[in-house]
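K.L.:
What would the 3D arrangement of this be:
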Amino acid sequence: MDHSNKLSKRVEFYLRLFYVYAAISLIIVLVSFYFNEVWGIINLIIFLVLGIITFVAYRITRKYLVNYVNDYALNLSHIQKNFIANLNLPYVLVDLDGSIRWYNKSFEGLFLEEEDIEIKLQNKNIHALIKDVHVDQLPKDDNMSFEKDIMLNNNYYVVKSKLIEVNTKSKTKKKELLVNSNHLYALWFHDITDIIHLKQENIDQQTLISIMLIDNYDEVMQSVDDVRKPLIEAMIYKKLSDMALELHGVVRKLEKDKFIVLFPNKSLRILEENKFSILDEMRKINLGNELPVTLSIGIGVGGKELSELMEFARAAIDLALGRGGDQAVIKNNDRYVFYGGKTKGVEKSTRVKARIKAYAFRELIEESDRVLIMGHINADIDAFGAAIGVYRGCKLLDKPAHIVLNSSESAVNLLYQRLLLEKDYEEDMIIDKVEAVNLSGDKTLMVVVDVNRPSYVECPELLELNKNIVVFDHHRTSVEYIQNPVISYVEPYASSTCEMITEILQYMIEKVKLKDVEADALFAGIAMDTKNFTVKTGVRTFEAAAFLRRHGADSVRVRELFKSSMYSYRAKTTIVRDAETYKGNLAISTCPVGVDEPIILSAQAADELLNIEGIRASFVLCEVDGVIMISARSFGDFNVQLIMEKLGGGGHLTVAGAQLRDESMDSAVNVLKLAIEDYLQGGN
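P.N.:
Next up is the predicted model:
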């Protein structure tokens, strides 16, 4: 109901009080007649005279008074309407279907120029004009409100809305608004462009911290003459200085191979647009060095203070090194962005790090009451072999140890059966997760092998129940990793976790004594991850294998561990036969439904596909309990890890995997192809 009607009715109410006064006067006249007839006649005459005079005055003044009040209210309503119409705030009324019914000049100016003034916005749908606003988003009752940030004509606005009631009895208003309902949506737009620009300017001026590390400094310097070493150092610093100058920042040398670079936030776009070309520039340094110079970069973004930015930068550089180096990692609060990382990790010739980790690991074992060892879900030979190696190290130090394995019906079944035939092992050498939970506590050491992602371990609960955690892994670190381990030894350049554990055993114990089955297990883990010493092998790989050979490993017995049944072999050949060639040199295939051990078959088939001439990488998909598993393999010139990371998985350059949920096999193949396409186009 509008303001004029309310005011008119209130005035009408006060004027009608005349009848109340008349009724009271008439009652007084009748009472006076009852007590005295003369006074009754006199009062009657007075009542009639005053009544006639008052009635005439009422009829005359009522018309003028009501008209005056209505004119005043209408003028006030007209003033309000003109105020809204000329208000420097875009305002529009739309009906429940989203059609525009009325708008002011400011709203009109958002879409029409002066020369287009004859064009009408009436009856157009609000969503057709503003894609970010749809009638379904608007409030459904007058107690609700709507607020959303939008962008129009390169300006930023906050659009607000309320549901208002329309007086459908007002014919003039209904005709003007073309209202077909008793409710309308009112929308108004606040221009926040200046605020957004000031906020962005403030963000652009924030200082970012970047830690840059030459991750193969010692190896590069060892490969050149002493005369050329200062030249390489000068060239490295020059390239970093040129980069800092381009970023409007500064660079300072912290150590021989470590630098810190400070630059404004707006310059980060320069690095991202050129895909961190400084990584390629470093590799181009050639002053007689046999190895290319590789750079790792960690950048902290989004911190409220410089100390928090430094923490982010340190976490980013640790992650870059954990992924093999030669890449850049940006940490923006809890979000990570990766650039580079398409090259192989450089093998470290020095074993100083392995020796230090081994000494620290021995101290932890000696301080603990017992040791629990676990690998990843669906353990393979590398995970199980590494666990057996750690178990033997603990027993040589006279500490109780247990391997957590929930199921042996996998790739480790043959090795598991061989262990059962050994008479010297305790019955509780291998336990399930229920027993492991009962053995957990403050004095229990938890050792994780061949995995660094908490969601992929055999029993994630054990990571929460045991505060002392040690991680040994050769996979590249992902965004999700085990937090705050006492010792974290993650070396992506290593061929396998079994290679790493073999080195650790040599430094941890003076005289290592391995059983044949234990030496075979460690040797088998190395053989599996190197595809029988054909990929990802270095000097330390063969030295570890030689050590195991000297301690009883036999290649014939190891070969027995990889034998498969005729059924499995036929299923594997079916996967290879049905493979599709994608992009000319990539193989994609799917595992038939209903086969036994589909995960193992997929991994073996992916390895087999690499033996086909011209195939750079292979991808095999299988379905297990409604989840699509992907096994990815390559020879190293094609980084399957980056592709699997796009799908939520991980691994390293030559061996990686991922899991896709809520996807059919056909859609999973399409998702995989999109990830490959993005990788080939240089996406990060």
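
K.L.:
Give me the sheet partners of the helix or strand where residue 260 lies and which way each runs.
P.N.:
Residue 260 is part of strand 258-264 when elements are defined by DSSP states H and E. Using DSSP bridges, strand 258-264 pairs in its sheet with strand 207-214 (antiparallel), strand 250-255 (antiparallel).

K.L.:
Could you point out the helix or strand that follows it?
P.N.:
Following strand 258-264 toward the C-terminus (DSSP H and E): helix 268-273.

K.L.:
any residues touching that following helix, and which ones?
P.N.:
Residues from elsewhere that reach helix 268-273 (CB atoms under 8 Å, 6 or more residues apart in numbering): 208, 246-247, 278, 299, 301, 328, 330, 339. Every residue, glycine included, has its C-beta placed from N, CA and C.

K.L.:
Give me the distance from that helix to the chain's centre.
P.N.:
20 Å (CA atoms, centre = their mean, to the nearest Å).

K.L.:
before we move on, what about stretch 648-668?
P.N.:
17 Å.

K.L.:
now swap in stretch 642-651 and tell me
P.N.:
On CA atoms, centre = their mean, the centre of stretch 642-651 falls 13 Å from the chain's centre.

K.L.:
buried set for it?
P.N.:
Buried residues in stretch 642-651, counted by 16 or more other CB atoms under 10 Å: 642-647, 649-651.

K.L.:
what's residue 247 sitting at in phi/psi?
P.N.:
phi -90, psi 0 (degrees, to the nearest 10).

K.L.:
re earlier: with pLDDT, secondary structure and distance to residue 272 added, can I get the buried residues of stretch 642-651 in TSV?
P.N.:
Below are those laid out as TSV (pLDDT from 0 to 100; DSSP: H, G, I helix; E, B strand; the rest coil; distance: CB to CB, whole Å):
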residue	pLDDT	secondary structure	distance to residue 272
642	87	helix	17
643	91	helix	21
644	90	helix	23
645	87	helix	18
646	88	helix	17
647	91	coil	22
649	85	coil	24
650	80	strand	22
651	77	strand	25
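
K.L.:
Doesn't residue 158 lie inside a strand?
P.N.:
Yes: counting by DSSP: H, G, I helix; E, B strand; the rest coil, residue 158 is part of a strand.

K.L.:
Not including adjacent chain positions, what is the nearest residue to it?
P.N.:
residue 190 (4.5 Å; CB to CB, 6 or more residues apart in numbering).

K.L.:
How is that neighbour assigned, secondary-structure-wise?
P.N.:
Assignment for residue 190 (three-state DSSP): strand.

K.L.:
That one is in contact with residue 88, isn't it?
P.N.:
No: applying CB atoms under 8 Å, one finds residue 190 not in contact with residue 88, separated by 11.0 Å.

K.L.:
mind saving the C-alpha coords of stretch 139-148 as CSV?
P.N.:
Below are the C-alpha coordinates for stretch 139-148, written out as CSV (Å, rounded to 0.1, in the frame of the first residue of the first chain):
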residue,chain,number,x,y,z
PRO,A,139,15.9,-14.0,-2.7
LYS,A,140,12.6,-15.8,-2.4
ASP,A,141,11.1,-13.8,0.4
ASP,A,142,11.6,-10.3,1.9
ASN,A,143,13.6,-11.6,4.8
MET,A,144,16.4,-12.8,2.5
SER,A,145,19.0,-10.7,0.7
PHE,A,146,21.3,-11.2,-2.3
GLU,A,147,24.8,-9.8,-2.8
LYS,A,148,27.3,-10.7,-5.6
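
K.L.:
which other residues reach it?
P.N.:
Taking CB under 8 Å, 6+ apart as the rule, stretch 139-148 contacts 132-133, 137-138, 158-165, 185.

K.L.:
From those, which shows the smallest pLDDT?
P.N.:
Here the lowest pLDDT out of the contacts of stretch 139-148 sits on residue 165, with 76.

K.L.:
And for it, the neighbour number?
P.N.:
When neighbours are defined as other CB atoms under 10 Å, residue 165 has 10 of them.

K.L.:
What spatial separation is found between it and residue 277?
P.N.:
Applying CB to CB, to the nearest Å, the value for residue 165 to residue 277 is 62 Å.

K.L.:
Kindly report the same for residue 352.
P.N.:
Distance, residue 352 to residue 277, using CB to CB: 32 Å.

K.L.:
So if I had to pick from the two, which one is more boxed in?
P.N.:
Using other CB under 10 Å, the more surrounded residue of residue 352 and residue 277 is residue 277, with 14 against 9.

K.L.:
Can you read off the pLDDT for the more buried one?
P.N.:
91.

K.L.:
List phi and psi for it.
P.N.:
Backbone dihedrals for residue 277, given as degrees, to the nearest 10, come out at phi -60, psi -20.

K.L.:
and it, how far is that from residue 234?
P.N.:
Distance, residue 277 to residue 234, by CB to CB: 20 Å.

K.L.:
for residue 460, same thing?
P.N.:
For residue 460, the distance to residue 234 - CB to CB - is 49 Å.

K.L.:
OK, contacts around residue 575?
P.N.:
Residue 575 sits in contact with 589-592, 601-602, 605, 620, where contact means CB under 8 Å, 6+ apart.

K.L.:
quick one: which of the residues you listed is most hemmed in?
P.N.:
Neighbour max across these (other CB under 10 Å) = residue 620, 30 neighbours.

K.L.:
partner residues bridging that one?
P.N.:
Beta-bridge partners recorded for residue 620 (DSSP bridges): residue 589, residue 631.
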